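**Q** Fold the following, please.
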Amino acid sequence: MPASVSLPTRHLATLPVSALGLGCMGMSFAYGPADRTEAIATLHRALDLGVTFLDTADIYGDGANEELLAEVLATRRDEITLATKFGILLGPDGMPSGAVDGSPTYIRTAVDNSLRRLRVDHIDLYYQHRADPSVPIEDTVGALAELVEAGKIGHIGLSEASAATIRRAAAVAPITAVQSEWSLFSRDIEAEVVPVCRELGIGLVPYSPLGRGMLTGAFKEFADADFRATLPRFQGENLQRNLDAVATVERIAAAHDATAGQVALAWLLGDDDVVPIPGTKRVRYLEENVGALGVTLTAAERSELDALEAVGDRYAEMSWVDRDTPAV
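**A** Sure thing, here's the model as predicted:
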């Protein structure tokens with residue numbers, strides 16, 4: 001793979017970004033032990049390959065992931081479209097407590113803390129990580145609009161928001177992107193969220209587009225401290241049935257001399273308003289993900305992939321997801 005390339009540009013509303021982004025959570029949090037040296041190498045390699053849309057959040061490693069990105073931002077800020085998130089509260093153990101805060105007072109503190117950890121004066125895309133049912137979305141977005149006016153953030157995003165929440169938010173200020181779990185195995189946003197975003201001109205940012213690694217065909221076992229062990233899709237009979245379904249993806253991949261993960265990403269990349277952010281902490285997987293841009297699926301293959309369905313909920317506690325209809 002070339003040392004330095006330029007990926008196609010896509011637009012999230014008016015924000016130009018690389019056609020593929022990089023989710024940075026696993027470099028500091030959730031997917032087993034962190035390797036700082038490899039993570040930094042992966043970030044630099046991403047930029048060299050033209051993957052310049054980097055996604056983090058203040059809770060990843062209790063701020064450690066933002067501090068990790070700061071090391072790369074220090075020398076390559078002009079190359080990066082930087083996205084981070086706020087709103088999920090951590091418990092004493094450093095893990096998400098289940099509580100969220102979308103109040104204007106909290107937002108003003110959260111953005112300043114993120115700017116300090118990232119060592120920048122501006123965040124390009126700032127997401128509400130989860131909707132706060134106790135705070136009207138109008139109040140939350142109003143506070144975010146003030147941050148845009150103040151120059152601290154460039155664009156407003158929502159994560160795991162329902163169609164109704166998106167409509168109400170967009171009535172207050174422009175919403176640039178909605179980030180939700182979306183993959184061959186997570187399809188619930190297609191019924192209402194995707195159509196509303198397209199009606200309003202809002203970009204779509206799928207996180208976990210590889211089904212938290214399951215759709216790569218390479219998942220074998222959990223490392224220590226891997227939170228996937230708590231997810232229903234990765235447990236017992238559900239896990240085996242889901243791995244069996246991946247065989248369809250692998251068969252289509254073989255016809256393209258590609259990997260299953262590349263096919264899963266190509267399925268999402270078929271629409272220009274979609275910018276997946278597959279997460280990885282290793283250079284070799286990053287390079288594999290970039291290769292998805294060279295895979296073109298036939299209509300028949302897309303139809304076969306459309307029929308796939310995962311077994312089991314995404315989370316053990318689905319209150320994490322703001323939906324107008326039950327999520328799957």
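
**Q** Can you mark which positions in the helix or strand Arg302 falls within are buried?
**A** Element membership for Arg302, per DSSP states H and E: helix 299-306. For helix 299-306, the neighbour count (16 or more other Cβ atoms under 10 Å) marks Glu301, Leu305 as buried. Every C-beta, even on glycine, is put in place using the N, C-alpha and C of the backbone.

**Q** Quick check: mean pLDDT of that helix?
**A** Averaged across helix 299-306, pLDDT comes to 95.

**Q** With only the CA atoms kept, save that helix in PDB.
**A** Provided in PDB are the C-alpha atoms of helix 299-306 (Å, rounded to 0.1, in the frame of the first residue of the first chain):
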ATOM      1  CA  ALA A 299     -26.800  -5.500  -7.000                       C
ATOM      2  CA  ALA A 300     -27.300  -9.200  -6.400                       C
ATOM      3  CA  GLU A 301     -24.500  -9.200  -3.700                       C
ATOM      4  CA  ARG A 302     -26.000  -6.200  -2.000                       C
ATOM      5  CA  SER A 303     -29.400  -7.900  -2.000                       C
ATOM      6  CA  GLU A 304     -28.000 -11.000  -0.400                       C
ATOM      7  CA  LEU A 305     -26.200  -9.000   2.200                       C
ATOM      8  CA  ASP A 306     -29.300  -6.900   2.900                       C
END
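
**Q** which helices and strands does it pack with?
**A** Packing partners of helix 299-306 (3 or more Cβ pairs under 8 Å, 6 or more residues apart in numbering; DSSP states H and E): helix 236-255, helix 260-268.

**Q** can you give me how far the helix or strand of the chain with the lowest mean pLDDT is from the chain middle?
**A** Sorting the helices and strands of the chain by mean pLDDT, DSSP states H and E puts helix 236-255 at the bottom, at a mean of 83. Centroid separation for helix 236-255 versus its chain: 22 Å, with Cα atoms, centre = their mean, to the nearest Å.

**Q** and the angle from it to helix 299-306?
**A** Counting by axes from the mean of the first three to the mean of the last three Cα atoms, to 10 degrees, helix 236-255 lies at 170 degrees to helix 299-306.

**Q** My guess is Lys152 contacts Asn113. True?
**A** No - Lys152 is beyond contact range of Asn113, at 11.7 Å (criterion: Cβ atoms under 8 Å).

**Q** who's more crowded, the two?
**A** The residue with more neighbours, out of Lys152 and Asn113, is Lys152; 19 against 14, by other Cβ atoms under 10 Å.

**Q** pLDDT at the more buried one, what is it?
**A** pLDDT recorded at Lys152 is 98.

**Q** pLDDT value on the closest residue to it other than its chain neighbours, please?
**A** By the measure of Cβ to Cβ, 6 or more residues apart in numbering, the closest residue to Lys152 outside its immediate chain neighbours is Val111, 5.6 Å from it. pLDDT, Val111: 98.

**Q** cool, and the one 3 residues further on?
**A** If you check Ser114, the pLDDT there is 98.

**Q** Tell me who's in contact with it.
**A** Each residue near Ser114 by Cβ atoms under 8 Å, 6 or more residues apart in numbering is listed here: Asp58, Glu66, Thr84, Phe86, Ile123.

**Q** out of those, which are inside strands?
**A** In this view, the contacts of Ser114 that belong to strands under DSSP state E are Thr84, Phe86, Ile123.

**Q** of all the helices and strands packed on helix 299-306, which lies closest to Val141?
**A** helix 260-268 (26.6 Å; Cβ to Cβ).

**Q** Which other helices and strands does that closest one contact?
**A** Helix 260-268 packs on helix 236-255, helix 283-290, helix 299-306, going by 3+ Cβ pairs under 8 Å, 6+ apart.
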